[in-house]
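Asks: Here is my input; please provide its structure:
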Amino acid sequence: MMNEQDQSMKPNNLPWSKQPARSGTAGLLSTACALRWLLLLLLPLTLPAEVQVQFLHTTNNGSITITDYTGPGGVVAIPDMINGLPITSIGANAFGYDTSVTSVTIPDSVTTIGDYAFYKCTSLARVTIPRNVTSSGYAAFSGCTSLANVTIAAGVTSIGESAFSYCYGLTSITIPNSVTSIGSGAFQYCTSLTSLTIPDGVTSIALATFFYCTSLKSFTIPSSVTNIAYGAFFRCTSLTNITIPSGVTSIERDTFAFCTSLAGLTIPNSITSIGSYAFIYCGSLTSITIPNSVTSIGESAFAACTNLNGVYFQGNAPSIGLDVFWSDNTATVYYLPGTTGWGPTIGGRPTALWKPLVQANDASFGVRTTQFGFSINWASGRVVVVEACTDLTQPIWSPVGTNTLTDGSSYFSDPQWTNHPARFYRLRSL
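Replies: Have a look, this model is predicted:
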């Protein structure tokens, strides 16, 4: 038989409902014991309800979509299941405008993040995007002004349009090699973003992807990219160098407009057109080489590049729009021998024949290991013959070297210079 203490622990024979209250220490101990049993019985039933009520949701085909968050904020870990069903989607605007959430971990069960899912969560500083997310909606994390740490798991294949736009606190982000698509405006107005590496599988830098990323200094466009869209790097005022990959065929309008620190620019032979305003107000550019593949240059493409001194064309004169070199008051346009379409001016700037040039003022000029030499600068791929003579009053010029210029430069040296009391050199192109 049960004694009195055993009977008091039965859920349907609770001491405070069936018996008078006891006095003294024994009564207090018995009541405390019964309360502990009650908590043990009720806790497993109430805790899941408390967790679930933080996430309003809908069910569709055996999976859960989070439609709203009503919890207290702070650090939020979204569960992978509700009522035994997997959470596969964070719905449109589910966390939108919630200023209390500081950190979010999304479970691996989630495959879709909806439009504006975390829009303007201004206190959100950290987020983890799991590997199974195949699509994120428009402006999913846009306006998360405190967001500084983003982890994108390997396996994610795309970053949606305007995904991280207006995330002013974002300084860097690592994009895994699994990503093949980055939507337009994905990082626009990320004004603290200083560096970024785009994986090799990405083929397009979309419309305004890095628009107004004013702190972006280091950026490498992978060789897989074949398209750079309108305004992709507009007002990236800290960007200093850019190399356009050989698969790109056109530079769209406004692509590098107002990149005021851009001093180094490589345009490949694949480019056939340069759009209007493409490099307007790039005040740090001092020289540009235009490959022979370019046949058209749009309106004001290089306008207000006020430090531009030389524009070097490797091919025939292209068709040009209005004010291409507006306000480039020190620029001279150079063209190669044998090319056509050139007059005394183009785009309002004077033209001149582009000749091979000996670099007499750099470290390459002079004696090296008993040989005299110098660097020759000219158009990449051109062949230069160096000729020498010993008497300028009765010159007899003889070839002493043939140099093919790689990347616009080649080094010449003459091991025989010590055999002559005097030695003079000149250049001749082939």
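
Asks: Show me the strands in the stretch 151-300 of the chain, by range?
Replies: 158-159, 172-174, 181-182, 195-197, 204-205, 218-220, 227-228, 241-243, 250-251, 264-266, 273-274, 287-290, 296-297 (DSSP state E, counting those that start in this stretch).

Asks: could I get those strands as TSV with mean neighbour count, mean pLDDT and distance to residue 376?
Replies: For the C-beta atoms, the positions are set from N, CA and C on the backbone; glycine is no exception. Shown next, in TSV, are those (neighbours: other Cβ atoms under 10 Å; pLDDT from 0 to 100; distance: least, Cβ to Cβ, whole Å):
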stretch	mean neighbour count	mean pLDDT	distance to residue 376
strand 158-159	22	94	46
strand 172-174	15	88	41
strand 181-182	19	96	42
strand 195-197	15	88	36
strand 204-205	22	96	35
strand 218-220	15	85	29
strand 227-228	20	96	33
strand 241-243	16	93	23
strand 250-251	20	96	29
strand 264-266	15	92	20
strand 273-274	22	98	28
strand 287-290	18	95	16
strand 296-297	20	98	28
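
Asks: Nearest to residue 430, out of those strands?
Replies: strand 287-290 (19.8 Å; Cβ to Cβ).

Asks: Tell me how far that closest one lies from the chain's centre.
Replies: Chain-centre distance of strand 287-290: 24 Å, with Cα atoms, centre = their mean, to the nearest Å.

Asks: Please identify the pairing partners of it and their relative orientation?
Replies: Neighbouring strands of strand 287-290 in its sheet, by DSSP bridges, are strand 310-313 (parallel).

Asks: The strand it pairs with - what's its average pLDDT?
Replies: Taken as a whole, strand 310-313 has a mean pLDDT of 96.

Asks: Can you name the element that comes right after that strand?
Replies: Downstream of strand 310-313, the first helix or strand assigned by DSSP states H and E is strand 319-320.

Asks: quick one: strands adjacent to the next helix or strand after that next one?
Replies: Sequence-wise, the next helix or strand downstream of strand 319-320 (DSSP H and E) is strand 332-335. Strand pairing for strand 332-335, determined by DSSP bridges: strand 310-313 (parallel), strand 349-353 (parallel).

Asks: And for strand 332-335, what's in contact with it?
Replies: When contacts are defined by Cβ atoms under 8 Å, 6 or more residues apart in numbering, strand 332-335 is touched by residues 309-313, 317, 325, 342, 345-347, 349-354.

Asks: continuing past it, what's the next helix or strand?
Replies: Assignment by DSSP H and E places the next element after strand 332-335 at strand 345-346.

Asks: tell me, how many neighbours does residue 358 end up with?
Replies: 17 (other Cβ atoms under 10 Å).
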